[in-house]
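Asks: coords below, sequence missing:
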Ligand SMILES: Cc1ncc(COP(=O)(O)O)c(C=O)c1O
């Protein structure tokens, strides 16, 4: 039985990963009792005028938005709907290359012409970071596209200068959508960076289930300006969201909103994080990533100066210390926190890291790889005949599918892009290091779907 299997996996294991309720009863108890449907007195998810509308108004007040729409299909539903609502088939769109696969899928579904923005890449961390406002300006001027989609904060907690980017986008008569799937807690405490909601973005999409104490699937689409048509949004949501209101998820969101509005839950959370960052300063080989404007709720434990990889650290934390982290990459292990994390949890993590650290030694030279920019040969949505090639035989062919590491779920290769030797080397570097590489059609690393050239 699934329940029995989940119990086996989670028993005694501390969750430094999403969902942000961290399995705490306070956030979960009783939700199942509210699993009703559109009975008399209940509301319509797609045209809310009663109890769902009231809850959404409470959320809009807390988050300071023009309006907030509850989602049960995660940020994925919000991203698909938001992009569909502000574009017309065949329009141009500018997206950051590190966007989640749902952004790429929205472009595919709507037949959009994509221009990529390449965020800065921090080689020591091994992750894309900020998008530059001047790159946004240039891309808008060169492509003429009016919709810009970026990710801020990133999975690792790095935020872009949304205020300047929003001004740039609006100066070019465009619309800015910010995928803040990882930022639902921003703006709720001055310990965290300001939220894109308050910095001029037009649409901000947040996965409440990732960093707030909510059930998986709970997310929000925030309308933050009057440049966006609410009717177009609702119409798109009618396509991408279930037609049956999943009340346990909606109640979970409303419970978090109501409690956060009524109680100061962020000061104790901030204190726990501060204590953790202070204690982590004693680590000799491992260290916590930080940058100027950074979400400290993400504990990015860097391994690049130590004789251990992020994947190995993740495995040891689980096997020896029963601590499950969110994800790993060659140079870091990422522990996700929320206000539901306990002092015991943080103490357990720092004790484990201290012990592991004391058995490590330094590394002279870390392998620093950056994802190579792939050449776009055909547009993302070019239709073409596909063939399946063994990975070893697909060098310089054109990809017929998305290939990405999951998590984080942003494509390393998109359909229509050249599979250069450098891209293959990068994929192999991640795969052999322990990353979970997924492909949308083939079966990486066995087979890759390639497009027949000129097909
Ligand atoms: C940056 C980013 N955007 C969007 C999503 C999709 O969020 P959800 O799982 O809530 O659909 C994710 C999921 O991990 C993500 O990392």
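Replies: Everything's here; your move. Being a predicted model, the structure only gives us computed values, none of them experimental.
Asks: skipping adjacent residues, who's closest to whichever residue of the chain sits closest to the ligand in space?
Replies: Residue nearest to the ligand within the chain: residue 74 (2.5 Å; CB to the nearest ligand atom). The way it works is simple: take the backbone N, C-alpha and C, and place the C-beta from them, glycine included. Distances taken as CB to CB, 6 or more residues apart in numbering put residue 219 closest to residue 74, at 4.9 Å, once the chain neighbours are dropped.
Asks: my read: that neighbour touches residue 77, true?
Replies: Yes: contact criterion CB atoms under 8 Å: residue 219 and residue 77 qualify, at 7.0 Å.
Asks: now for the two: what residues contact both?
Replies: Residues touching both residue 219 and residue 77 by CB atoms under 8 Å, 6 or more residues apart in numbering: residue 71.
Asks: look at the two and report which has more neighbours.
Replies: residue 219 (28 against 23; other CB atoms under 10 Å).
Asks: beta-bridge partners for that one, please?
Replies: residue 71 (DSSP bridges).
Asks: return the residues in contact with it.
Replies: Residue 219 touches 70-75, 77-78, 181, 184, 205-209, counting by CB under 8 Å, 6+ apart.
Asks: give me the local confidence score for it.
Replies: Note for residue 219: predicted pLDDT of 98.
Asks: show me which residues of this protein are close to the ligand?
Replies: 74-76, 100, 102, 151, 155, 179, 181-182, 207, 219, 408-409 (CB under 6 Å from any ligand atom).
Asks: among these, which ones are in helices?
Replies: 74, 75, 76, 102 (DSSP state H).
Asks: any chance of those residues in a markdown table, with neighbour count and pLDDT too?
Replies: Output for these, formatted as a markdown table (neighbours: other CB atoms under 10 Å; pLDDT from 0 to 100):
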| residue | neighbour count | pLDDT |
| --- | --- | --- |
| 74 | 20 | 98 |
| 75 | 27 | 98 |
| 76 | 22 | 98 |
| 102 | 23 | 97 |
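Asks: so residue 244 touches residue 35, yeah?
Replies: No: with contact defined as CB under 8 Å, residue 244 does not reach residue 35; the gap is 10.1 Å.
Asks: tell me the pLDDT at residue 455?
Replies: 49.
Asks: of the ones in helices among the residues of the chain next to the ligand, closest to residue 283?
Replies: residue 75 (32.6 Å; CB to CB).
Asks: and the closest one, what is it in contact with?
Replies: 100, 102, 179, 181, 205, 206, 207, 219.
Asks: name the nearest residue to it, ignoring sequence neighbours.
Replies: Per CB to CB, 6+ apart, closest to residue 75 is residue 181, 4.0 Å.
Asks: counting neighbours, what do you get for residue 64?
Replies: With other CB under 10 Å as criterion, residue 64 counts 13.
Asks: wait, it touches residue 197, no?
Replies: Yes: using CB under 8 Å, residue 64 makes contact with residue 197 at a distance of 6.1 Å.
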